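J.: model the structure of this input:
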Amino acid sequence: MKLSVLSLLLAATTAYARTDYTTNFDKLERGKLTPNPLRELLYSDEFQIGTYAVQASNANAKSKKLLFSGPGAVGKRSGRIKISPESKEDRFTLKKAQLGCSGKKTGGKKKTVPCELEITGMRPSQNFVSRTVKYTDTKSLLTLNDLEDDLWGLYSVSFKVVSAGKGGDLKEDVTLLVDSLEYYVGDE
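T.: Residues are numbered from 1 along each chain as shown. Have a look, this model is predicted:
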């Protein structure tokens with residue numbers, strides 16, 4: 001009897017297991033993402049690894065490197081992350097991220113600029129959920145701690161710069177900045 005109760009408890013725990021990940025980009029080489037730091041997830045080719053010193057030279061950060069996409073035009077999708085075919089799970093939940101934008105490179109460096117970002121998640125059922133955030137304090141990247149309230153059970157998530165610059169004056173040469181992704185794969 002004790003063995004069967006223990007077996008049921010173990011099976012129930014396994015069925016609801018999830019794997020939590022925190023991604024830091026400091027140990028990766030600059031350029032294209034190899035190896036994939038987003039365990040059990042795939043990223044689109046728009047993303048690369050860069051340094052804060054070049055991509056966000058005026059931002060205070062504990063990290064030395066970050067994920068970036070661009071420069072590109074405002075309103076265009078800046079990158080996508082999706083569940084890997086090799087994953088045993090079919091969904092993930094984005095818990096936390098640091099996001100921001102930088103403008104055109106001057107003197108070999110870019111400075112952060114205010115922007116509005118749209119984060120769109122697609123669930124396996126093909127329904128979409130989105131969240132818009134404003135990046136205004138350009139001294140550091142915006143830390144979003146409560147993403148799992150909206151961005152849960154996702155097959156993929158994409159990012160888009162909706163507007164950038166003071167008063168939305170930038171239309172081109174805007175770079176999406178991403179750091180410190182926290183997510184889990186599987187059900188809660």
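J.: tell me how far L28 lies from T34.
T.: In this view, L28 and T34 are 8 Å apart by C-beta to C-beta, to the nearest Å. The way it works is simple: take the backbone N, C-alpha and C, and place the C-beta from them, glycine included.
J.: and for S69?
T.: 16 Å.
J.: compare L28 and T34 (neighbour count), which wins?
T.: L28 (18 against 9; other C-beta atoms under 10 Å).
J.: my guess is that one contacts P37. True?
T.: Yes: L28 lies in contact with P37 (C-beta atoms under 8 Å); the separation is 5.9 Å.
J.: once you drop chain neighbours, what's closest to G165?
T.: Leaving aside its chain neighbours, G165 sits nearest to V113 (5.4 Å; criterion: C-beta to C-beta, 6 or more residues apart in numbering).
J.: swap that for Q55, sorry
T.: F68 (5.0 Å).
J.: show me the contacts for the one you found.
T.: Residues near F68 by C-beta atoms under 8 Å, 6 or more residues apart in numbering: 47-50, 55, 102, 175-178.
J.: out of these, which are buried?
T.: Neighbour counting with 16 or more other C-beta atoms under 10 Å marks 47-50, 55, 102, 175-178 as buried within those.
J.: the longest strand seen in the chain pairs with which strands, parallel or anti?
T.: The longest strand of the chain (DSSP state E) is strand 174-186. Taking DSSP bridges as the criterion, strand 174-186 sits next to strand 18-23 (antiparallel), strand 65-72 (antiparallel), strand 92-102 (antiparallel) in its sheet.
J.: what about those, which gets the closest to Y43?
T.: Evaluated over the strands paired with strand 174-186, closeness to Y43 peaks at strand 65-72, with 7.9 Å, by C-beta to C-beta.
J.: helix or strand right after that closest one?
T.: Downstream of strand 65-72, the next assigned helix or strand under DSSP states H and E is strand 77-83.
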